[in-house]
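> make a model of this:
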Amino acid sequence: MLHVNARQAMLPHPVLVKTGLKPVGAEKPFLQFIAPGDELGVSATSPRLYRVVEGCLADCRLLGDGRRQITDIVGPGRAIAQQPERDGSCAIKALTFTEVEVLDPAANPALASETAIDSLSRLARHAALLGRMNAAEKVANGLLDLAAQFPRKLRQGHPVLTLYLTRSDLADWLGLTVETVSRTLNQFKRAGVIDYSHAEIVTLSRPERLKEIAIGRPLAKLNSKPKGEHP
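Here you go, the predicted structure:
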């Protein structure tokens, strides 16, 4: 591990490392690297904030029978607060190789407050998604969220995202089955709304149409492309 001052110049997006933030302790590394599938440690006596520099984290809740609900996906620039360890049902897991800043919330009150407000807002939206939206609306909202958090270079003027989530991850996040997620993505692809030849790279070919689906316009009405419009 490298200290942030030495590491910062090597990052592809050094602006994501904010100056003035205080780590958990001067003797501890400011940056932490997590391999895919690994969980961030928890400590009841020393709460922490984790701010993503690169990669993707999933905030998970585990049920007694092994089922999993992903409550949030956290990408570069966003922070997540460590939850107190009570019954082992909470976990923050890396979905890809991930680099985070390990921060002391007491020493960074503005970021801690911002993170708490952002978390509550996203949880409220996620509750509405789980409780009131159909499969197409859920997947459309998920793709738009991920496109904002994990953008790649535009492809012929269209937004492109890195999809770090597997179909199983998407299902656990959106409250769907894996089969429904795959079927809905294929419907979007056939309708020309999205395009992908690689599982981890998705192009939003018709982002405005995707936004319309996300707010409740049926996909069936989107299958007919206006004259002169290309996917």
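
> distance check, the closest residue to Leu49 other than its chain neighbours against Phe30.
Nearest residue to Leu49 in three dimensions, chain neighbours excluded: Leu103, at 4.2 Å (C-beta to C-beta, 6 or more residues apart in numbering). For every residue, glycine as well, the C-beta is placed using N, CA and C. Remark: distance between Leu103 and Phe30 (C-beta to C-beta, to the nearest Å) = 8 Å.

> what about the helices in this structure?
Along the chain, the segments classed as helices by DSSP state H run 4-8, 109-132, 135-149, 167-174, 178-190, 207-214.

> turn those helices into TSV, including distance to Glu200.
Listed next are the helices of the chain as TSV, based on distance: least, C-beta to C-beta, whole Å:
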stretch	distance to Glu200
helix 4-8	25
helix 109-132	23
helix 135-149	11
helix 167-174	12
helix 178-190	13
helix 207-214	18
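
> in JSON lines, list those helices along with distance to Ile34, mean neighbour count and mean pLDDT.
Below are those laid out as JSON lines (distance: least, C-beta to C-beta, whole Å; neighbours: other C-beta atoms under 10 Å; pLDDT from 0 to 100):
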{"stretch": "helix 4-8", "distance to Ile34": "15", "mean neighbour count": "15", "mean pLDDT": "39"}
{"stretch": "helix 109-132", "distance to Ile34": "18", "mean neighbour count": "14", "mean pLDDT": "96"}
{"stretch": "helix 135-149", "distance to Ile34": "17", "mean neighbour count": "21", "mean pLDDT": "97"}
{"stretch": "helix 167-174", "distance to Ile34": "16", "mean neighbour count": "21", "mean pLDDT": "97"}
{"stretch": "helix 178-190", "distance to Ile34": "25", "mean neighbour count": "17", "mean pLDDT": "97"}
{"stretch": "helix 207-214", "distance to Ile34": "30", "mean neighbour count": "19", "mean pLDDT": "96"}
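
> nearest to Ala35, of the ones you listed?
helix 167-174 (16.0 Å; C-beta to C-beta).

> returning to what we had before: so which of the helices of the chain gets nearest Tyr50?
Nearest of the helices of the chain (C-beta to C-beta): helix 109-132, 9.5 Å.
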